[in-house]
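# Sequence and predicted structure are below.
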Amino acid sequence: MKTAVIMSEDAAWTKPLDVGYEECLPKIGLKVVDHIRFSPDTTDFTPIFNKVEAAKPDVIITGISHVGVQPTVQWKNQQVPIPMFGISSQATNETFGKDTNDAAEGVLYQGVSGPNVAVTPKSVPFAEGFKKRYGNYPSYAGYTAYDEVYYIADAVKRAGSVEADKVVDALEKTDWEGTIGRVQFYGKDDPFTHSIKYGKGLITGLMLQWQGGKQVAVWPKEIAKSDLKFPSFIKLTTN
Amino acid sequence: MLALQILIDGFAISALYALGATGFTLIFGVSGVLNLSHGAIMVAAAVAAWAAASVLHLDIYTGALFGVGVALIVSFATYFAVVKPIQNSTRIPNEEKEIFVLTGTLLWGIMIQELIAYFFTNNAKTVLPIVEGVVDIFGNRTPRNNIFTALVCCLVIGLLWLLVNRTRTGKAVLAASMNPRGVTLLGLELTQIYIVVWGIYGILAGIAGVLLGMFLGVSSYSVGPLTASAFSIVVLGGLGSVSGSLIAAFVVGYLETITAYMISPAYRTIPALLLLVFVMYIRPQGLLGRR
Amino acid sequence: MANFFTSRLFFISLACVAVAATLPLYVSGYILGLLTVAFYFGVFAMAWDLLFGFAGEVNFGPTFLIGTGAYTAGILNNQFGWSVYLCILLGALASVVAGFVLALPALRVRGPYFGLTTLVAVLMLQNFVVVFADLTGGEIGLTIPDVITINAGANYWIALGFMTISAAILYGLSQSPVGLVLQASGQDPVQAGALGFNIVKHKLAAFIVSAFFSGLSGALLVFYFGTASVGTVVDVAVGVNVIVSAVLGGRRTVLGAALGAIFLIVAGEFLRPTGELATFIVSAVALLVVLFFPGGFLGAALSREARS
């Protein structure tokens, strides 16, 4: 793969994301040949996919959350021959397959955890408990919110107070193993002030793919359950 | 090349807008009702068609029929539970009935929207298309479903035209839209005409909803935007004028598509809104409005 | 006007405000916070009622005026760090300008056509917020560095005082000769015009007053929240709540609109345990009121008083 098109909804949260995409994609050898931002109210994605195709990229890098089901279904109906990869919040929902009538097949998305994926020993029991209570597996927000409640409670306990400054001090020292990995934060003098630390042994995130109507982990290798599989209309360029 | 692409893509979406707006304008023409639960009825049809296939495991055709049936039922419910009581109320002064119908149908639409969200979540849903695959039109890969959508819309609008102009019932409806009092003088029951119109409306909104579910997908969030877009198209075309609505639907559909292709998909809806404001200023009664 | 001060309504209102003013002495900050928002909403609804109930203009876009005031105040504070009070004032003025712009088509088109124009205005504002996310914070919301105060009791008193003063002015206006002319021109513009009243001038005035209070209230609300977002001050759903409040409370009563708004917000909070069904229940109750008590709460009460 040599070229990519970034396709994000025009929203405040994708602005820093797109800057990151623009910066990082060339570093792994992907040339950004087009960058499309579209209204989050968009319902007809035909013009967007046609534009993407005209740029002849090897992969579409997505930054979508307000939309998800609709572009995915139209991607399949229009048989856009390019794989989609990136952030797609709605794809983290277990109901995404049914909502799209399995047009989700082959969609690759970034997740924090997923069904049957033991990111940490806590992940699977939480996901199963969630399903038992609510009928389906949690989306990304389910995992992160669950962890947040615990590490904030932990910080309050360590601070021995709910006073803001003390809790912040305690939060800076957080070292909590949650369902998405080991949570630690950068300090207040770091360029990424108070951001979550990513990396091996902490939080890596993972890539999942819709396969056979299920969300299957495909990266990192230690927890991958399957290789990449794409529907027949996708034309993959080798490596 | 690009022109052809815009021509093909714009047609399907415009035809769908036209179908959605036709029923809306018909009801206004005949009974002076602006039905703000319009979007909710369309979404109910699409979600019902989705549920029929995904939850009840019916085949595609039965599912689509089921969706249209649900729209028909909801349409009658709208008339009997909300619109008719307001029209017949003695406690609401006549000059205020319009705002009461607007408020009432708006609340009714929100109720339907919330029920859909409660039972089927607010995730977007898509109906499995009746025809799948793509065809090549002079180098433009076009989903068969787009062509199917456009054809069904044109067919249904054609049938409606025949119904209104060539049948007795249809002529009564047409007469009622021109002069309701005159129709009653001819011995026709206005209430019966209203029931026929709400029936036609339910079927039109149902077909439009199911097709929308196949073509683009809908969620409970689509309720407001769908009502607003039908409302805009109908006002742009001139309230009560079916042919005006058809023209306006194509103007809006193509304007959006052209904007998405030529300028940026981020500004898709803006030129159509500006056009609407502009028309309101220079020709308040809309393109073909009688006023 | 004079007999208002001796009427039962006046004493009931006075008693309500007096009781409400003592609340911070014995109820929790949670309830105060809830009522603070409800009071600002009450002003939105009263300002809307002045336009609809009296000038006869169906404004589907109250949030165009509210949002303009709120975002103007918020952006000025966020970008330039000007003082809170200056920002609030400028927000209200921006809203007056917006009301003026909105009034222009209103003087040309009527009924549903005007309704749509106002709806489009809201959609445009929403698009603006999303497209200019650098300035407005987009869908994440605008962070506002300053607040008026963080004391729950003080915030509550400010909101209550603001609502009471607004109510007095708006109600007084509606009962004055100007209000009567407005009502006449809303119901039968031709005849009102024939009687020699300048309808255009009166309606324009109604728009400007309505816009001023909407914008002022919107600006105060963002400095209470410390944030402005589409979901709280611009979204069509917020506008729907304002309209429902006014219709619930009783249109053409001004004070009823405030009651309706407080009811709506408090009911929404009580229904929180019902989760996603809360909005459904509130809409259903509102629909029942519209169908069976078209005069609204206050309308029903007043007509009973008038009969007895």
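Sure thing, it's come through.
# Output the residue of the stretch 1-150 of chain C whose distance to chain B is smallest.
Minimum separation of the stretch 1-150 of chain C from chain B (Cβ to the nearest Cβ) falls at residue C:109, amounting to 4.1 Å. All C-beta atoms are positioned from the backbone trio N, CA, C, and that covers glycine.
# Report how many residues lie close to the residue in the stretch 1-150 of chain C that chain A sits nearest to.
Proximity of the stretch 1-150 of chain C to chain A (Cβ to the nearest Cβ) peaks at residue C:138, 3.1 Å away. Each residue near residue C:138 was counted by other Cβ atoms under 10 Å in any protein chain shown, and the total is 22.
# Could you double-check that it sits in contact with residue C:127?
No - using Cβ atoms under 8 Å, residue C:138 is not in contact with residue C:127, being 11.3 Å away.
# which one is the residue of the stretch 1-150 of chain C closest to chain A nearest to, not counting chain neighbours?
residue A:12 (3.1 Å; Cβ to Cβ, 6 or more residues apart in numbering or on different chains).
# same deal with residue C:199?
Using Cβ to Cβ, 6+ apart and skipping the chain neighbours, the partner closest in space to residue C:199 is residue C:185 (4.2 Å).
# what about that neighbour, how many neighbours?
25.
# Same question for residue B:147.
By other Cβ under 10 Å, neighbour count at residue B:147 equals 17.
# need the next SSE after the one helix or strand it maps to, C-terminal direction.
In this assignment (DSSP states H and E), residue B:147 forms part of helix B:144-166. Downstream of helix B:144-166, the next assigned helix or strand under DSSP H and E is helix B:168-178.
# what does that next one rub up against?
Contact partners of helix B:168-178, identified using Cβ atoms under 8 Å, 6 or more residues apart in numbering or on different chains, comprise B:26, B:29-31, B:162-165, B:182-183, B:186, B:188, B:190, B:193, B:196-197, B:200, B:240.
# Repeat that for stretch C:169-188.
B:95, C:1, C:4, C:46-47, C:49-50, C:53-57, C:191-193, C:195, C:197, C:199, C:202-203, C:205-206, C:209, C:213, C:252, C:254-255.
# Give me the mean pLDDT for the top helix by length along chain A.
For chain A, the helix with the greatest residue count under DSSP state H is helix A:140-159. Helix A:140-159 shows a mean pLDDT of 92.
# Please apply the same query to stretch C:125-135.
86.
# Show me which residues of that stretch are buried.
C:125, C:126, C:127, C:128, C:129, C:130, C:131, C:133 (16 or more other Cβ atoms under 10 Å in any protein chain shown).
# count of neighbours near residue B:269?
So residue B:269, with other Cβ under 10 Å, has 23 neighbours.
# How about the longest helix of chain A and chain C, any contact?
No - Helix A:140-159 stays clear of chain C (Cβ under 8 Å from any Cβ of the partner chain), getting no nearer than 15.2 Å.
# Give me the helices and strands touching that helix, please.
On a contact count with 3 or more Cβ pairs under 8 Å, 6 or more residues apart in numbering or on different chains; DSSP states H and E, helix A:140-159 meets helix A:123-134, helix A:164-172, strand A:176-177.
# Contacts for the longest one, please.
Same thing as helix A:123-134. A:113-118, A:137-138, A:142-143, A:146, A:179-180.
# would you say residue A:94 is within a strand?
No - applying DSSP: H, G, I helix; E, B strand; the rest coil, one finds residue A:94 to be coil, outside a strand.
# So which residues on chain A come close to chain B?
So far as Cβ under 8 Å from any Cβ goes, chain A lies against chain B at A:10, A:36-39, A:41-44, A:46-48, A:50-51, A:67-70, A:73-74, A:77-79, A:90, A:93, A:95-96, A:98-101, A:103.
# filter the residues you listed to the buried ones?
Buried among these by 16+ other Cβ under 10 Å: A:10, A:36-39, A:41-44, A:46-48, A:50-51, A:67-70, A:73-74, A:77-79, A:90, A:93, A:95-96, A:98-101, A:103.
# Show only the entries of those found in strands.
A:36, A:37, A:38 (DSSP state E).
# tell me which of these is nearest to chain C?
Of those, the one sitting nearest to chain C (Cβ to the nearest Cβ) turns out to be residue A:37, at 10.1 Å.
# got the contact list for the closest one?
Residue A:37 neighbours (Cβ under 8 Å, 6+ apart): A:8, A:9, A:10, A:14, A:18, B:264, B:265, B:266.
# returning to that earlier point: in TSV, list the helices and strands packed on helix A:140-159 along with mean neighbour count.
Shown next, in TSV, are the helices and strands packed on helix A:140-159 (neighbours: other Cβ atoms under 10 Å in any protein chain shown):
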stretch	mean neighbour count
helix A:123-134	15
helix A:164-172	14
strand A:176-177	16
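# Can you list the buried residues in whatever helix or strand the residue nearest to residue C:199 lives in?
Here residue C:185 sits within helix C:177-187, counting by DSSP H and E. Within helix C:177-187, the residues that count as buried by 16+ other Cβ under 10 Å are C:178, C:179, C:181, C:182, C:183, C:184, C:185, C:186.
# okay, among the residues you listed, which ones form the most distant pair?
C:178 and C:186 (12.6 Å; Cβ to Cβ).
# Just the buried residues out of the contacts of helix B:168-178, in PyMOL syntax.
What follows is the PyMOL syntax for the buried subset of the contacts of helix B:168-178, where burial is set by 16+ other Cβ under 10 Å:
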select buried, chain B and resi 26+29+30+31+163+164+183+188+193+196+197+200+240
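# How about the residues of chain C by chain A?
So chain C meets chain A at C:127, C:130, C:131, C:133, C:134, C:137, C:138, C:139, C:140 (Cβ under 8 Å from any Cβ).
# hmm, the helix or strand encompassing residue B:104 in reach of chain C?
In the assignment (DSSP H and E), residue B:104 maps to helix B:97-120. Yes - contact of helix B:97-120 with chain C (Cβ under 8 Å from any Cβ) involves B:98-100, B:102-104, B:106-108, B:110-111, B:114-115, B:117-118.
# how about the helices in the stretch 151-291 of chain B?
All helices of the stretch 151-291 of chain B, identified by DSSP state H, counting those that start in this stretch, fall at B:168-178, B:180-185, B:190-215, B:223-237, B:242-258, B:270-282.
# ok, and what's touching stretch C:261-277?
B:114, B:117-118, C:34-35, C:37-39, C:41-42, C:44-45, C:241-242, C:244-246, C:248-249, C:278-279, C:281-282, C:285-286, C:297.
# Fine by me, thanks again.
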